[in-house]
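**Student:** Model the following, please.
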Amino acid sequence: MKKRKPENISQQDWDAAESPPLTESFLSGMKPVHEAHPDMPPRARGPQKTPRKSPVSIRLDETIIAAFRATGRGWQSRVNEALHDWLKEHNPA
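**Tutor:** Next up, the predicted model:
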């Protein structure tokens, strides 16, 4: 996976940045975070802020899938929004 350049860094600075080589002496001096910073609390993911979504398998026409995929990233969320909009106007039995 290619790293994305943060917006606040110019392309010239991004291209010029070099990481130090990972030599044996460099690696031998590294410690796990909990050893280097014992006072730091462990990271834990908190509860989800929005209701969870359930993975489902559903058959849709290729034209529907192609149209939503053509809108780019987040197309599945847009399908979800379209279904929410449909529910607002219809009363499923």
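
**Student:** Isn't residue 71 up against residue 81?
**Tutor:** No: with contact defined as CB atoms under 8 Å, residue 71 does not reach residue 81; the gap is 11.2 Å. The C-beta positions use only the backbone N, C-alpha and C, and glycine is treated the same way.

**Student:** Can you show me the strands along this structure?
**Tutor:** Along the chain, counting by DSSP state E, no stretch forms strands.

**Student:** In it, where is pLDDT below threshold?
**Tutor:** Applying pLDDT under 70 to the chain picks out residues 1-3.

**Student:** can you give me the offset of the lengthiest helix in the chain from its chain's centre?
**Tutor:** Longest helix of the chain, by residue count under DSSP state H: helix 75-89. In terms of CA atoms, centre = their mean, to the nearest Å, the centre of helix 75-89 is found 21 Å from the chain centre.

**Student:** Other residues contacting it?
**Tutor:** 53, 68, 69, 71 (CB atoms under 8 Å, 6 or more residues apart in numbering).

**Student:** Would you mind measuring from residue 55 to residue 7?
**Tutor:** 32 Å (CB to CB, to the nearest Å).

**Student:** Same check on residue 73?
**Tutor:** From residue 73 to residue 7 the distance is 17 Å (CB to CB).

**Student:** same deal with residue 34?
**Tutor:** For residue 34, the distance to residue 7 - CB to CB - is 32 Å.

**Student:** Compare these two and say which one has the larger neighbour count.
**Tutor:** Between residue 34 and residue 7, residue 34 has the larger neighbour count (other CB atoms under 10 Å), namely 11 against 6.

**Student:** I'd assumed residue 43 was in contact with that one.
**Tutor:** No: Residue 34 lies out of contact with residue 43 (CB under 8 Å); the separation is 10.5 Å.
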